[in-house]
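Peer 1: Predicted model follows, preceded by the sequence.
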Amino acid sequence: GQNIDQPTEMTATEGAIVQINCTYQTSGFNGLFWYQQHAGEAPTFLSYNVLDGLEEKGRFSSFLSRSKGYSYLLLKELQMKDSASYLCAVPNDYKLSFGAGTTVTVRA
Amino acid sequence: SQTIHQWPATLVQPVGSPLSLECTVEGTSNPNLYWYRQAAGRGLQLLFYSIGIGQISSEVPQNLSASRPQDRQFILSSKKLLLSDSGFYLCAWSYKQVLYNSPLHFGNGTRLTVT
């Protein structure tokens, strides 16, 4: 099965950078997803990493180290609208297992 | 483009009453379909998934069931709700393949309160 760990909460200031870490243990690795979930809403897909390294998409970047079982999501130039829960998830065939999520609060 | 519809958006039901939540997908054929539940302040728990009509895989034994009567329709049911069934229920779809580089796309969810 999968074991996925993320910090529960993080707080940062508008305009700053925040890094959300995710560690995982899986029986076989087939990539890692990051999702964003605003309070009361459904999760939306942010990124997918399957190879080691950093992938950048605008203000959001995602990093993967397969040997360390580790990923992080980097949010730059934080905006108030970035206040949300961020979920990492790993697939296993047809199933996607999610971490408990990291709630990021952006303060003015 | 693909869209996923889930209803109702909110639901308040008494303990012991039945439940039926429906989800339909448009714009794609033969998708994988999923039901997740999210308890307040908790992570997403996979309840059921289906890779084809009439094919249902159950992840967590409980008083819920799922059915897929049509290719793009997924239904979550219960004969008798428990207080512990309260939560945010999310339907999702993905392309017909294993989930490597194929993200899930979620419906807007149903917030169920069992009283």
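Peer 2: On my side now, so go ahead. Numbers count the residues shown, from 1 in each chain, chains lettered A, B, ... in the order given.
Peer 1: following the helix or strand B:Cys91 falls within, which helix or strand comes up?
Peer 2: Here B:Cys91 sits within strand B:87-94, counting by DSSP states H and E. Using DSSP H and E, the helix or strand that follows strand B:87-94 in sequence is strand B:105-106.
Peer 1: continuing past that following strand, what's the next helix or strand?
Peer 2: Using DSSP H and E, the helix or strand that directly follows strand B:105-106 along the chain is strand B:110-114.
Peer 1: now check stretch A:30-44, is it near chain B?
Peer 2: Yes: contact between stretch A:30-44 and chain B, assessed by CB under 8 Å from any CB of the partner chain, occurs at A:30-31, A:33, A:40-44. No exception for glycine: its C-beta is placed from N, CA and C like everyone else's.
Peer 1: ok so, going back, mind listing residues that contact the strand holding B:Cys91?
Peer 2: A:42-43, B:2, B:4, B:6, B:21, B:23, B:25, B:28, B:31-40, B:44, B:74, B:76, B:102-107, B:109-112 (CB atoms under 8 Å, 6 or more residues apart in numbering or on different chains).
Peer 1: Helix, strand or coil: sort out the nearest residue to B:Glu59 once chain neighbours are set aside for me.
Peer 2: Leaving aside its chain neighbours, B:Glu59 sits nearest to B:Leu46 (4.6 Å; criterion: CB to CB, 6 or more residues apart in numbering or on different chains). Recorded secondary structure, B:Leu46: strand (DSSP: H, G, I helix; E, B strand; the rest coil).
Peer 1: so what's B:Leu46 scoring on pLDDT?
Peer 2: pLDDT, B:Leu46: 95.
Peer 1: What of B:Gly41?
Peer 2: On pLDDT, B:Gly41 comes in at 78.
Peer 1: And for B:Ser20?
Peer 2: On pLDDT, B:Ser20 comes in at 97.
Peer 1: give me the beta-bridge partners of it?
Peer 2: Using DSSP bridges, the bridge partners assigned to B:Ser20 are B:Ser77.
Peer 1: and B:Ser50, that's in a helix?
Peer 2: No: residue state for B:Ser50 (three-state DSSP) corresponds to strand; a helix is not indicated.
Peer 1: shouldn't it be in contact with B:Pro31?
Peer 2: No: B:Ser50 is beyond contact range of B:Pro31, at 9.1 Å (criterion: CB atoms under 8 Å).
Peer 1: List, one by one, the residues from chain B near chain A.
Peer 2: So chain B meets chain A at B:32, B:34, B:42-44, B:46, B:49, B:51, B:57, B:59, B:90, B:98-101, B:103-109, B:111 (CB under 8 Å from any CB).
Peer 1: So which residue is dead centre in chain B?
Peer 2: In chain B, the residue lying closest to the centroid (CA atoms, centre = their mean) is B:Trp35, at 2.7 Å.
Peer 1: hang on, the earlier thing: so among the residues of chain B next to chain A, which ones count as buried?
Peer 2: Buried subset of those (neighbour count, 16 or more other CB atoms under 10 Å in any protein chain shown): B:32, B:34, B:43-44, B:46, B:49, B:51, B:90, B:98-99, B:103-107, B:109, B:111.
Peer 1: Perfect, I'm done here.
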